[in-house]
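[1] I'd like to go over a predicted model; first the sequence, then the structure.
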Amino acid sequence: MKRIIAGFLASMIIGSVSFATADEKVVDGIVAVVNGEVVTMYELNRKMAPIMKQFDGNELSAVEVEQLKRVRQQILDRFINEIIIDQESKRLEVDVSAQDIENEVKAIKEKSNLNDEEFERQLELQKTNLTQFKEKIGKDIRKHRLLSYKVKSKVVVTDDEIKAAWNSTRTDQGEVAKSVHLKLILFPENVSADQVREQIIAGETTFEEAADKYTTGPGAGSGGDLGVLEWDDLAQTWHEALEGLKPGGVSKPFDVQSFKALLKLDSYVNTEAASFEDSKQEIYQRLYRQKQDELFADFIKKLREKAVIELK
């Protein structure tokens, strides 16, 4: 098993509250049933707790209320996805041996520099025990093996795709842009992104004025300014929106979660001369991740379509 799994599991021990002991777990309601398996209100509220703590009892604006509703739905969706994946791995009889689990426990201890006593203490602090933690490890190993078989094995990135992606990051001077300075407008439902874009193109308003007037996202009050972002950190939908734009250009409307959005390419930053061969591996990895994410989304979509999901 790859060490990345061990690192992820180690972070669960050291950096977050993950489990509750059976005698502490109070079921105060059911929010979803997935093929007969329940997600409780307790579990959902516990995941929401760190987010709610940021507001510290302050009165929420209408925008913040809507944002919290979306976050809550995203967390619930992740719960449902995890259950469906685990159920599918069991249906396909994905094998995880006791030795596999022991190896991962050992890797976690080594990575975290914890002896047996310190490891047990960390588990107690996270209000769990070794048996529960091993159950979680087994579930994660099954998940990664299932996804490796169903998703990763199907990812193919061609040289032509890598070349096209490389060309898309080049400036007029033939240099490769490593970073971009962007501005964003995230539109509320009652505002047409197409109409606002037409007004910007016609010179009736500036992108910055429109951002200050309409945006419900980051950069509000500062012309939608997101600052300088690494090209490789941007989602594929953002790459597609920026394709062919020159500095000062405004993208066509595209989707950011449930919102319509516009981007302005303010400028390229930190460009450098680079050959295709220099950039090939980096671009391959980015395209591989993007395709893997797309295949995973399709895999989950098909599993959810077959599942019996009841939202309470």
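    Structure's in. What do you need? Residues are numbered from 1 along each chain as shown.
[2] Can you check what pLDDT the model gives residue 300?
    Listed pLDDT for residue 300 reads 90.
[3] next one: residue 176
    The predicted local confidence for residue 176 is 53.
[4] cool, the one 4 residues further on as well?
    For residue 180, the pLDDT comes out at 81.
[5] burial count for it?
    Neighbour count of residue 180, defined by other Cβ atoms under 10 Å: 24. Heads up, the C-betas are built off the backbone N, CA and C, glycines and all.
[6] do residue 302 as well
    Count around residue 302 with other Cβ under 10 Å applied: 11.
[7] residues contacting it?
    Contacts for residue 302 (Cβ atoms under 8 Å, 6 or more residues apart in numbering) come out as none.
[8] same thing with residue 250?
    197, 200-201, 207, 262-264.
[9] go with 10 Å
    183, 185, 196-197, 200-201, 207, 210, 241, 262-265 (Cβ atoms under 10 Å, 6 or more residues apart in numbering).
[10] now, which of those sits nearest residue 222?
    Distance to residue 222 across the contacts of residue 250 (Cβ to Cβ) is lowest for residue 183, with 8.8 Å.
[11] partners of the closest one in the sheet?
    residue 225, residue 264 (DSSP bridges).
[12] For residue 194, see how far away it is.
    For residue 183, the distance to residue 194 equals 18 Å [Cβ to Cβ, to the nearest Å].
[13] now do residue 149
    43 Å.
[14] just residue 210 next, same as before
    In terms of Cβ to Cβ, residue 210 sits 12 Å off from residue 194.
[15] Residue 85: which of the contacts of residue 250 is nearest?
    Out of the contacts of residue 250, the member with the shortest distance to residue 85 (by Cβ to Cβ) is residue 241, at 30.4 Å.
[16] just checking, the closest one touches residue 197?
    No - in this structure, residue 241 is not within contact of residue 197 by Cβ atoms under 10 Å, at 11.6 Å.
[17] Off-centre distance for stretch 91-108?
    A distance of 26 Å separates the centroid of the chain from that of stretch 91-108, by Cα atoms, centre = their mean, to the nearest Å.
[18] Show me where the stretch 51-200 of the chain has its helices.
    Secondary structure of the stretch 51-200 of the chain (DSSP state H, counting those that start in this stretch): helices at 62-91, 98-112, 116-125, 130-150, 159-168, 193-201.
[19] shouldn't residue 146 be in contact with residue 153?
    No - between residue 146 and residue 153 there is no contact under Cβ under 10 Å: 11.1 Å.
[20] Who has more neighbours out of the two?
    Higher neighbour count among residue 146 and residue 153: residue 146, with 19 against 10, using other Cβ under 10 Å.
[21] where's the more buried one relative to residue 140, distance?
    Per Cβ to Cβ, residue 146 is found 11 Å from residue 140.
[22] Pull up the overlap in contacts between these two.
    Common neighbours of residue 146 and residue 140 (criterion: Cβ under 10 Å, 6+ apart): residue 86.
[23] List the contacts of residue 291.
    Residue 291 neighbours (Cβ under 10 Å, 6+ apart): 151-152, 154-157, 161, 236.
[24] Return the member of these nearest to residue 91.
    Looking across these and measuring by Cβ to Cβ, the closest to residue 91 is residue 151, at 16.4 Å.
[25] Surely the closest one touches residue 288?
    No - contact criterion Cβ under 10 Å: residue 151 and residue 288 do not qualify, at 11.3 Å.
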